[in-house]
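Novice: whatever this is, show me its structure:
(2 chains)
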Amino acid sequence: MNTFTWLLKREYWEHRGGFQWAPLIAAGVVLLVFTIAVITGLSNLRHEGARLNGVRLGDFAAAMTPEQQQQVGEGINVGLFFSASPVAITLAIVTFFYLLGSLYDDRRDRSILFWKSLPVSDLETVLSKVVAATVIAPVLALGAALVLMLGMLILLSIVVSVYGANPFTTIWANASPLSVVAKIALLIPLNAIWALPTIGWLMLCSAFAKRVPFLWATLLPVAVGVCISIFDAVSNLRIPNDWFWEHIVGRILFSILPGSWMDFSDLDRKMDGASGPEALLGAINLDTILAPLSGANIWIGAAAGIAMIATAVWLRRWRDDS
Amino acid sequence: MSAVIQARNLSKRFGSTAALDEVSFSIEAGRIVGLIGPNGAGKTTALKAVLGLTDFQGELAVLGLDPRKQRHQLMQQVCFIADVAVLPRWLRVSEAIDFVAGVHPRFSREKCEHFLARTKLKPRMRVREMSKGMIVQLHLALVMAIDARLLILDEPTLGLDILYRKEFYQSLLNDYFDEQKTIVITTHQVEEIEHILTDLMFIRDGKIVLDASMDAVADRFTEVMVNPDKAAAARALQPLGERQIFGKSIFLFDGTEKLRLAELGETRQPSIADLFVATMKGTYA
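Specialist: The predicted model follows:
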């Protein structure tokens, strides 16, 4: 194994709790809530019998046409896709704080002197942390998401069989958790490019701050934004525009959230005239993924992010306060 | 044989104070050099410059490399222990070994495991569960398993009890040091490294005030215990320092002929600690 692989391994060792366990715990919590809901629901229904408008659900399911079955599958897939969002939010929070500490924690406890005593360049060190945030953490979170999806399907199967339907024909034959996971996996590189300004800004603060990088990272852009808004409001006598908030503050603090590149107005338009659950997942296809890549926004942000990462490398090399 | 460290007119300022003030020195291979100075004299700054951890003015070549520009190549040949307790607290012994073995081409896993077998450290142990002494045992085992040409130790035994301190220097001498290697040590516990040094450097206010081999130091400096009746005669020879003990005066002379001093009283070799105190007189005044 080469040096870079070892550096990635080191990040994993140090942040196993955040990268691996936090998403799994988030998935576990979602499953727990879902389980409780299922148990409560089933125990209520038990008394009334599993009937829908007087028809047994089992008969209902058996009578479905292949088209309807496919729709059920699509519906489940959409459910699976969005059930992963607590995991995605956990991932965003973990990565945010990981990046803030990435070039600061070892300066604070002086272990930077140990890392710097080894023949590893500062460029490699910083890049290994970028890769940990953009690849390792999302892939592990995706693993947790897959666990969550399979758990959901199992629970759903139990519900369905209690109602007297065959879970294999209604659920497993139609739902496709693996293709949902594959779709999310396709988004990882896009998320990474989109997140570059946030990654760069957080690492820059992490490499620069003598103390509390969190305050540097958050208060500085917010303070500048407030100043601009006040100035705008006073000098032009109009409601301050939100350009700075959206394109600077938002991009350097919140682009780490998976899927935050999504243009919802665009998605609205795509779904116009579409009906059924398949439209939503269908809207997330290669086109949607490539669409943001054709805009200037993402590339300007990426360039700014790379510039900030480069500055962080320089600071890591020359900052001398240990 | 070219010098391991060659410094010419090394300067570094922090605001208005000069941490290093036009310092020039050279360290040959196969030496154990003690860099001794009061707090804030510039020891750590000098070592950081050598390790490429800080910028500076002047010329500096370490193993023929410029630590500012060629730090990466340099660190394959240079090891350092900054002081105890800089190992990351989450690290396990086994992870530390795996990582160093992975990134350092000159690390020997067998050697490291051999050194660790003599300690109470277990592979699953984390640094945060260790005492200071155990941390330094781990750090030393890692560093001694690296076949480096230059080892830099900055206060390596700070805060350790005497058992660990003795063991530290003993293993360094017995299991690590040879003619191919060079060691630079800074410490305040001068007495403990006195017998292992080959060279001595005193640094004060960013300047080197003494730079000599231990043999030369033994030749140059003499301590004489003088009865009160001959004290005036001794003072006339311009001693470096004077202190009183049991009604007698002990004078420290630099470069004065030993035969002449023998006439004044009993002569002996001064300890580095006494030499240090006499040289640094008035530092904090």
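Novice: going forward, measure contacts between C-alpha atoms and count neighbours the same way
Specialist: OK.
Novice: list the helices and strands the helix or strand hosting residue A:297 packs on?
Specialist: Secondary structure from DSSP states H and E places residue A:297 in helix A:296-318. Packing partners of helix A:296-318 (3 or more Cα pairs under 8 Å, 6 or more residues apart in numbering or on different chains; DSSP states H and E): helix A:122-131, helix A:177-208.
Novice: for those helices, give me JSON lines that also has mean pLDDT and mean neighbour count.
Specialist: Formatted as JSON lines, the helices and strands packed on helix A:296-318 follow (pLDDT from 0 to 100; neighbours: other Cα atoms under 10 Å in any protein chain shown):
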{"stretch": "helix A:122-131", "mean pLDDT": "96", "mean neighbour count": "19"}
{"stretch": "helix A:177-208", "mean pLDDT": "92", "mean neighbour count": "22"}
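Novice: and the residue nearest to residue A:172 when sequence neighbours are not counted, how far is that from chain B?
Specialist: Closest residue in space to residue A:172, ignoring its immediate chain neighbours: residue A:153 at 7.8 Å, by Cα to Cα, 6 or more residues apart in numbering or on different chains. Per Cα to the nearest Cα, to the nearest Å, residue A:153 is found 37 Å from chain B.
Novice: and the strand or helix carrying residue A:153, which residues are buried?
Specialist: Per DSSP H and E, residue A:153 falls inside helix A:137-162. By 16 or more other Cα atoms under 10 Å in any protein chain shown, the buried positions in helix A:137-162 come out as A:137-149, A:151-153, A:155-162.
Novice: ok, stretch B:8-16 next?
Specialist: Neighbour-count burial for stretch B:8-16 [16+ other Cα under 10 Å]: B:9, B:10, B:11, B:12.
Novice: just give the number of residues close to the residue of chain B found nearest chain A.
Specialist: Across chain B, the shortest distance to chain A (Cα to the nearest Cα) belongs to residue B:86, at 4.4 Å. Look at residue B:86: counted by other Cα atoms under 10 Å in any protein chain shown, it has 21 neighbours.
Novice: contact partners for it?
Specialist: By Cα atoms under 8 Å, 6 or more residues apart in numbering or on different chains, residue B:86 lies in contact with A:109, A:110, A:111, A:112, A:113, A:114.
Novice: 10 Å instead?
Specialist: A:106-107, A:109-115, B:127, B:135-136, B:139 (Cα atoms under 10 Å, 6 or more residues apart in numbering or on different chains).
Novice: low pLDDT regions in the chain?
Specialist: Picking chain A for this. A:1, A:45-58, A:239-240, A:263-286, A:288, A:322 (pLDDT under 70).
Novice: hmm, no, I was thinking of chain B.
Specialist: For chain B (pLDDT under 70), the answer is B:1, B:84-85, B:285.
Novice: so which bits of it are right by chain A?
Specialist: Residues of chain B lying close to chain A (Cα under 10 Å from any Cα of the partner chain) are B:48, B:51-55, B:68, B:71-83, B:85-92, B:95-96, B:98-105, B:139, B:143.
Novice: can you give me the helices in the stretch 151-285 of chain B?
Specialist: B:162-171, B:190-193, B:214-220, B:231-236, B:258-262, B:272-279 (DSSP state H, counting those that start in this stretch).
Novice: for the fourth one, list the C-alpha coordinates in CSV.
Specialist: This file holds the C-alpha atoms of helix B:231-236, laid out as CSV (Å, rounded to 0.1, in the frame of the first residue of the first chain):
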residue,chain,number,x,y,z
ALA,B,231,40.6,33.9,47.3
ALA,B,232,41.9,37.3,46.3
ALA,B,233,44.7,35.7,44.3
ALA,B,234,42.1,33.5,42.5
ARG,B,235,39.9,36.5,41.7
ALA,B,236,42.9,38.2,40.2
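Novice: buried residues in it?
Specialist: Of all the residues in helix B:231-236, those buried under the rule 16+ other Cα under 10 Å are B:231, B:234.
Novice: please apply the same query to the second one.
Specialist: Buried residues in helix B:190-193, counted by 16+ other Cα under 10 Å: B:190, B:193.
Novice: count the neighbours of the nearest residue to residue A:123 once chain neighbours are set aside for me.
Specialist: Of all residues beyond its chain neighbours, the one nearest residue A:123 is residue A:313 (5.7 Å), with distances taken as Cα to Cα, 6+ apart. When counting by other Cα under 10 Å, one arrives at 23 neighbours for residue A:313.
Novice: same question, the one 5 residues further on
Specialist: If you count neighbours by other Cα under 10 Å, residue A:318 ends up with 15.
Novice: now swap in residue B:74 and tell me
Specialist: Residue B:74 has 25 nearby residues by other Cα under 10 Å.
Novice: and if you look at residue B:179?
Specialist: 9.
Novice: check the one 3 residues further on too.
Specialist: Residue neighbour count, defined by other Cα under 10 Å, stands at 22 for residue B:182.
Novice: which bits of chain A sit near chain B?
Specialist: So far as Cα under 10 Å from any Cα goes, chain A lies against chain B at A:1-7, A:9-10, A:13-15, A:105-107, A:109-122, A:317-322.
Novice: in ChimeraX, how would I select the buried members of these?
Specialist: Buried residues among the residues of chain A next to chain B (16+ other Cα under 10 Å), as a ChimeraX selection:
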select /A:3,4,6,7,9,10,14,15,105,106,107,110,111,112,113,114,115,116,117,118,119,120,121,122,317,319
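Novice: list the ones among the residues of chain A next to chain B that fall in helices.
Specialist: Residues of the residues of chain A next to chain B located in helices (DSSP state H): A:3-7, A:9-10, A:13-14, A:105-107, A:112-115, A:122, A:317-318.
Novice: if we can go back for a sec, residues contacting the residue nearest to residue A:123?
Specialist: A:103, A:121-127, A:203-204, A:207, A:307, A:319.
Novice: which residues does residue 26 contact?
Specialist: You didn't pick a chain, so chain A it is. Applying Cα under 10 Å, 6+ apart to residue A:26 gives the contacts A:32, A:84-91, A:141, A:144-145, A:148.
Novice: that was the other one, I meant chain B.
Specialist: B:2, B:3, B:4, B:5, B:6, B:7, B:8, B:60, B:61, B:62, B:211.
Novice: run the last query once more with 8 Å
Specialist: Contacts of residue B:26 by Cα under 8 Å, 6+ apart are B:3, B:4, B:5, B:6, B:7.
Novice: any of the residues you listed buried? List them.
Specialist: Buried among the contacts of residue B:26 (16+ other Cα under 10 Å): B:4, B:5, B:6, B:7.
Novice: distance of the residue nearest to the second one when sequence neighbours are not counted relative to residue B:12?
Specialist: Same thing as residue B:5. Distances taken as Cα to Cα, 6+ apart place residue B:62 nearest to residue B:5, at 4.6 Å, with adjacent residues excluded. From residue B:62 across to residue B:12, the span is 17 Å (Cα to Cα, to the nearest Å).
Novice: same check on residue B:32?
Specialist: 25 Å.
Novice: and for residue A:86?
Specialist: Residue A:86 is 52 Å from residue B:12, by Cα to Cα.
Novice: so how far does stretch B:249-269 reach from one end to the other?
Specialist: Start-to-end span of stretch B:249-269 (Cα to Cα) is 15 Å.
Novice: what residues sit buried inside it?
Specialist: For stretch B:249-269, burial by neighbour count (16+ other Cα under 10 Å) applies to B:249-254, B:256, B:258, B:261-262, B:264-265, B:267.
Novice: repeat that for stretch B:37-54.
Specialist: With burial defined by 16+ other Cα under 10 Å, the residues of stretch B:37-54 counted as buried are B:37-38, B:41-54.
Novice: please apply the same query to stretch A:257-264.
Specialist: So stretch A:257-264, judged by 16+ other Cα under 10 Å, has buried residues A:257, A:258, A:259, A:261.
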